[in-house]
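Participant: Need coordinates for the below:
(one chain, ligands or ions: 1)
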Amino acid sequence: MLDRGYDAEVIYEGVESRHMRPVVPLRKTPAVKAGKNKPPTCEHGTWTFAGSDAKRGASKWRCPSGDCAPASVWIKADRLHTLIPRGTDRWKSLYHQRGAVEREFGRLKHEWGMLPLRVRRLPRVRLHVDLTILAKLATALAATRT
Ligand SMILES: [Zn+2]
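Facilitator: A predicted model of the protein is given here:
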C-alpha cells in the first residue's frame, strides 16, 4: 500500500516482480483524464471484475449480461489496470490499512524521537531504531499488564 506519490509504472513493475500486488491510488495523468483506467464497457453497461490471474499477469472482465462475444476479456496488469482493481471492496480495505502504518511511523518520529536522527551510518541508525521500538514494545507490554 503506497500513497499516490508512488503512482509510477516502475513502482508497479517492481512490486509485481516481487510477487506482491500494488495498492496505489492513481494520479490524474492525461491517460487517467482520458478514462483509460476505466473497465471496458458495451451497450449492456460497464464490465464487471471477474478475478485476476497473477501467473498470467492479467485480470478478467465480463460483460454484465454475457451477451457480448467474447463475453469476457483479459486485461494485462499495469499501472492503469492493477490485479486488485481500484474501486473494489478488497482494494479499499487494503488501502485503508495504509493509515495504520503511517500513524505508527508518525508516532515513532514525533513521540519517540526518531525524526531528528542523532546518529549517522546505517548500523547505528538500525541500532537506534531497534532500541526505540524495543522500548515502545516494553512500554506497551507494561501497560497491558497493569
Ligand atoms: Zn455486453
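Participant: for Arg56, phi and psi?
Facilitator: phi -80, psi -20 (degrees, to the nearest 10).
Participant: Equivalent analysis for Lys60, please.
Facilitator: phi -100, psi 140.
Participant: Bridged to it, which residues?
Facilitator: Trp74 (DSSP bridges).
Participant: how about the lowest-mean-pLDDT helix or strand in the chain: buried residues?
Facilitator: For the chain, using mean pLDDT, DSSP states H and E, the weakest element among its helices and strands is helix 89-110, scoring a mean of 92. For helix 89-110, a neighbour-count test (16 or more other C-beta atoms under 10 Å) marks Trp91, Tyr95, Leu108 as buried. (Glycine included, C-beta is placed from N, CA and C.)
Participant: For the helix or strand just after it, enumerate the helices and strands it packs against.
Facilitator: Downstream of helix 89-110, the first helix or strand assigned by DSSP states H and E is helix 122-145. Where contact means 3 or more C-beta pairs under 8 Å, 6 or more residues apart in numbering; DSSP states H and E, helix 122-145 is packed against helix 89-110.
Participant: Dump the helix it packs on to PDB, keeping only the CA atoms.
Facilitator: Extracted in PDB, the C-alpha atoms of helix 89-110 (Å, rounded to 0.1, in the frame of the first residue of the first chain):
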ATOM      1  CA  ASP A  89     -14.000  -3.600  -1.600                       C
ATOM      2  CA  ARG A  90     -10.800  -5.500  -1.400                       C
ATOM      3  CA  TRP A  91      -8.700  -2.600  -2.700                       C
ATOM      4  CA  LYS A  92     -10.400  -0.200  -0.400                       C
ATOM      5  CA  SER A  93      -9.900  -2.400   2.600                       C
ATOM      6  CA  LEU A  94      -6.200  -2.900   1.800                       C
ATOM      7  CA  TYR A  95      -5.600   0.800   1.200                       C
ATOM      8  CA  HIS A  96      -7.400   1.600   4.400                       C
ATOM      9  CA  GLN A  97      -4.600  -0.300   6.300                       C
ATOM     10  CA  ARG A  98      -2.000   2.200   5.000                       C
ATOM     11  CA  GLY A  99      -3.300   4.700   7.500                       C
ATOM     12  CA  ALA A 100      -2.300   2.500  10.500                       C
ATOM     13  CA  VAL A 101       1.300   2.200   9.200                       C
ATOM     14  CA  GLU A 102       1.500   6.000   8.600                       C
ATOM     15  CA  ARG A 103       0.100   6.700  12.100                       C
ATOM     16  CA  GLU A 104       2.700   4.400  13.700                       C
ATOM     17  CA  PHE A 105       5.600   6.000  11.600                       C
ATOM     18  CA  GLY A 106       4.300   9.400  12.800                       C
ATOM     19  CA  ARG A 107       4.300   8.300  16.400                       C
ATOM     20  CA  LEU A 108       7.800   6.900  16.100                       C
ATOM     21  CA  LYS A 109       9.000  10.100  14.500                       C
ATOM     22  CA  HIS A 110       7.300  12.700  16.700                       C
END
